[in-house]
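J.: Provide a 3D model corresponding to the input given below.
(2 chains)
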Amino acid sequence: MKVVRVMKGSSFLSVVVIAGVLILSCAWAFTRGFTQALVPRDPGVRGGLANTGGGLQQRGIPIPHPPLISPNPTTGATVNDNERASFVEGINRAGQLESTCDRCADVTDGSPVPGELDPVFPQVHTNSNGLGARHNADQCFICHAHPVLGGSGGFIVPNPSDSVAEPAENPQFRLIPHRFGRQNVVPAFEEQYGPIREVRFKFKPDGTRDGGVHQLWTVRGSTNDPTIPNCALTQPDFAAQFAAGNLSFRIPLQMLGLGLIESIQDREILAHHEATAAQQARLGIAGHPNRSGNDGTITRFGWKAQNKSITIFAGEAYNVEMGITNEAFPTPTEEDPGCQGPEKPQPNDVVRTAPDDTRNQAFNNPLHILPDWQQFQLMMRFTDGPTPDPNPNASAQRGRAVFEQIGCAVCHTPQMQTAPVMLSPVLQDRPVNLFSDLLLHHMGANLADNILQGQAGPDEFRTTPLWGVGQRIFFMHDGRTSDLLEAISAHFSNPAPPDPRHHDPAYPASEANGVIRNFNALSNADKQAVLDFLRSL
Amino acid sequence: MKVMRLIGRLSFLAVAIHLAAWARAGFAQSVREFHRTLPVTVSDPVTLEVQLSEGELQIAYGRQEQVSIRAIARTAGAKADNEFFATSLSVEQAGNHLRLRDLSGKGRVEGESRIVYRIDVPYWTEVLSVMGDGKQTITGVMGPVIAATRKGDIKVCYVSKGVVAKTGLGNLDLEVIGERVEAKTGNGNISCIRAVQGVSAETEDGDIVLVVVGPSNATVKTGIGRIEVTGAKGSLLGSTVKGDLQVKAMLYDDWRLSSASGNIRVELPPATRFEVDATTNFGEVLIDRDDIEKPSTKVRYFQQKVNGGGKRIEVRTDSGKIVIR
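T.: Numbers count the residues shown, from 1 in each chain, chains lettered A, B, ... in the order given. Predicted structure coming up:
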């Protein structure tokens, strides 16, 4: 009997223990699930990767073209026929796939390519020429194809000539370095599903400042240019430079709405800065414009606001990114005669005045005479800004208020106005929802790239316009993250002493620290609201 | 007397009121607008079918995921009421297929009228548009585009695929077309610029101007229309009746040029290798090139392999003059 009682007692104990474990397990699971539900999370690219940029291309759908600027909400003015024609011609030019020598293009310059998924954005046959001996890419849109052409850097199908498309990926990983037989070694920092990165060297071998872009690829091995059979250019030793901490990465910015940003007057930028002076003081924010060394006006394009205008940007990008010389940047970055060929005049992309038809000009129409880089800037000028989510959810709507409460909007200025009188009525006197003050701010050691550009110091960056951030894949100047929450955290940086090993000077604290502290103090629900709001832009 | 004066004043007033009412009806302009935005998907092409009896039609690239249709009617007769478009215009949508048409007979507005239809579409759009009387302009779409008008001009530019443009009476203006172009007008001019996959252009009477085109044929069937080609990138077949024919280009393929009574002028870059075969029955062949020995006497027939020979240029005219330079 005693044994039975003991057994009964132990059974009871077992039941109690098991029940206890079950209750605790349920409680833990419930708490974990509950907590997880509240942990703020970046909702990811709005619309999903499969429905944007290269995701569409992978499904056999042409990547949508950049949107034409919408009617002026103030006056109702729309683009005129000439502006529309410039815009459409500009899309054609920006989509061209560049060959090298002037007679190497598969299809006559500037013509759509039959049989391609998008004849205006060909991936298999060239329809232009002038590609530099060194370059980062062989067409403008290849680095500006997300979520639509004219956007920021995204993914592209790596095997466009095959019948079955492989998943879209970083075009710098396979497509560009090896297109048309080019023999390039892909540096480790160009990852298959990572951001498109260009590199700047911080310092030259003699220890003096460099700061310039060093193009990733060469035309060596090109099978579609018979004029450069002996080109033996080699790439810079990126691995050694990386190991020495001498590389600074930059990812492509979007081009949507740049004509509107250019149309903002300096006085408007400064007025917004002055209007928030008290908030800036409370939060430890300063900020200053980068200015042109020529006329002293505010420069505003590029990660460090180093470019004065979209025209300058276009000329610079043609030469730096594609190695295509032009009137604005007439000298090649690489002059090795073995890689230029006898059929490649320099500067290459210039106003077309040749008496024959080799450059496809038609002199009865100025659109055909203008060079590619000029048409490219016209395309940017009349491209609309990114379109925000027309139906943001309640959390996103609340997030906007939180975004402003905690001080994000002090630098990420939600709206500015274009100049009151401009030649183009569609551009003048209209709001621009850019979410940027277009000024430089110290971001501290965490983000510092130790590159100087104009008056932008080694840790200073322009406040990146947030319009379109809802559909961006990668964030920060170097594309270090694709998680908005991490991007927000990256804004925080404590002061740092000099680091002589990498020539780093002392860096101040990030001007964003006060705002990031406010963000960190938010409830999880409010943090989520901010993330939802950002993904609605 | 007093009564007579009163009657007179009343009559004057009545006439004045009548005149004012007539003037209002006769001269006031009535404007009616129709605007609708239709959502479409990016995953399939938009197919746009337009059938209109009259007006001006503009189809242009705008942005993805929507088709915006705007119609504006301006009438001098004040006959367009608020229901004008509701009763006269039909817009049907089935997925990405859109059909716009004016309902038979109701598209006409009494009095002097002008209706402009403006349709903004995504790039990936195919167009089939048929009009009675009126001008069509189609810009910036992938295509293909088929545009036909009974009477009116057609302008098509920046189309990535092929274009068929036909009008009974009017000019055809085609620019930057990715695939083959077929252009035909009963009476009017044809201009085609940058169509490197080639053009087939035919007019009963009018001029044909081709600039930077692939393999092409150009025919003026009657009248005095001329043909001018610059930058032929392929074979060329040109034929006029009374009009002149002028070709200035590098030679990529064979050319056959003929005219009944027009003059024919061929300009090639120096040192071009080619074979020329030129005949005029009653005119003269003139040579103005350093790489060809000029005939010592007036000739009506000239055949030679120039710079060793190459692509063939055959030139025939009955009474016109032929110039090779």
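
J.: excluding its backbone neighbours, what's nearest the residue of the stretch 51-200 of chain B found nearest chain A?
T.: Going by C-beta to the nearest C-beta, chain A is nearest to residue B:178 of the stretch 51-200 of chain B, at 3.1 Å. For glycine as for every other residue, the C-beta is placed from the backbone atoms N, C-alpha and C. Once flanking residues are discounted, residue B:178 sits nearest to residue A:112: 3.1 Å by C-beta to C-beta, 6 or more residues apart in numbering or on different chains.

J.: just residue A:475 next, same as before
T.: Per C-beta to C-beta, 6+ apart, closest to residue A:475 is residue A:487, 3.8 Å.

J.: didn't the one you found look like it was pressed against residue A:477?
T.: No. Using C-beta atoms under 8 Å as the test, residue A:487 is too far from residue A:477 to be in contact (10.9 Å).

J.: The residue nearest to residue B:178 belongs to a helix?
T.: No. Counting by DSSP: H, G, I helix; E, B strand; the rest coil, one finds residue A:112 to be coil, located in no helix.

J.: can you count the residues close to it?
T.: As a burial measure, residue A:112 scores 28 neighbours (other C-beta atoms under 10 Å in any protein chain shown).

J.: do the same with residue A:337
T.: 11.

J.: What distance do you get for it to chain B?
T.: To chain B, residue A:337 is 25 Å away according to C-beta to the nearest C-beta, to the nearest Å.

J.: show me where the stretch 51-200 of chain B has helices.
T.: B:84-88 (DSSP state H, counting those that start in this stretch).

J.: Contact residues of it facing chain A?
T.: Proximity of the stretch 51-200 of chain B to chain A, by C-beta under 8 Å from any C-beta of the partner chain, involves residues B:60-65, B:120, B:122-124, B:139-140, B:142, B:157-158, B:160-161, B:175-179, B:193-194, B:196-197.

J.: So among these, which ones count as buried?
T.: Buried members of these, counted by 16 or more other C-beta atoms under 10 Å in any protein chain shown: B:60-64, B:120, B:122-124, B:139-140, B:142, B:157-158, B:160-161, B:175-179, B:193-194, B:196-197.

J.: coming back round to it: ok, the residue of the stretch 51-200 of chain B closest to chain A - contacts?
T.: By C-beta atoms under 8 Å, 6 or more residues apart in numbering or on different chains, residue B:178 lies in contact with A:111-114, A:119-120, B:143, B:159-162, B:197.

J.: and which of the residues you listed is nearest residue A:174?
T.: residue A:113 (20.8 Å; C-beta to C-beta).

J.: Surely the closest one and residue A:119 touch.
T.: Yes. Counting by C-beta under 8 Å, residue A:113 touches residue A:119, with 5.0 Å between them.

J.: is residue B:97 in a bridge, and if so with what?
T.: Per DSSP bridges, the residues bridged to residue B:97 are residue B:47, residue B:94.

J.: isn't it right up against residue B:41?
T.: No. Applying C-beta under 8 Å as the test, residue B:97 and residue B:41 come out as separate, 11.5 Å apart.

J.: and residue A:178, what helix or strand is that in?
T.: Using DSSP states H and E, residue A:178 sits in helix A:175-178.

J.: contacting residues around the residue in the stretch 101-250 of chain A that chain B sits nearest to?
T.: Proximity of the stretch 101-250 of chain A to chain B (C-beta to the nearest C-beta) peaks at residue A:112, 3.1 Å away. Taking C-beta under 8 Å, 6+ apart, we find residue A:112 in contact with A:92, A:119-120, A:122, A:127, B:160-161, B:176-179.

J.: One more pass at 10 Å, please.
T.: A:92, A:95-96, A:118-122, A:127, B:142-143, B:158-161, B:176-179, B:194, B:196-197 (C-beta atoms under 10 Å, 6 or more residues apart in numbering or on different chains).

J.: What is the least confident helix or strand in chain B?
T.: helix B:2-27 (a mean of 54; mean pLDDT, DSSP states H and E).

J.: pLDDT value on residue A:363, please?
T.: In this model, residue A:363 is scored at 58, pLDDT.

J.: try the one 10 residues further on
T.: In this prediction, residue A:373 carries a pLDDT score of 96.

J.: Over to residue B:109?
T.: In this model, residue B:109 is scored at 54, pLDDT.

J.: now swap in residue B:30 and tell me
T.: Predicted confidence (pLDDT) for residue B:30: 76.

J.: Now the closest residue to chain B within the stretch 401-537 of chain A. Nearest residue, chain neighbours left out?
T.: Residue nearest to chain B within the stretch 401-537 of chain A (C-beta to the nearest C-beta): residue A:471, separated by 12.5 Å. In this structure, residue A:471 finds its nearest non-sequential neighbour in residue A:147, 4.2 Å apart by C-beta to C-beta, 6+ apart.

J.: And the one you found, how close does it get to residue A:44?
T.: 12 Å (C-beta to C-beta, to the nearest Å).

J.: same thing with residue A:394?
T.: 19 Å.

J.: between the two, who's got more neighbours?
T.: residue A:44 (16 against 9).

J.: Pretty sure the more buried one sits in a strand.
T.: No. Assigned with three-state DSSP, residue A:44 falls outside any strand and is coil.

J.: tell me the contacts of it?
T.: A:470-471, A:473, A:482-484, A:531, A:535.

J.: So which of those residues is surrounded by the most neighbours?
T.: residue A:471 (27 neighbours).

J.: Phi and psi next, for that residue.
T.: As for residue A:471, its main-chain torsions (degrees, to the nearest 10) stand at phi -120, psi 10.

J.: In this structure it contacts residue A:148, no?
T.: Yes. The pair residue A:471 / residue A:148 is scored as a contact, 8.7 Å apart, by C-beta atoms under 10 Å.

J.: That'll do, ta.
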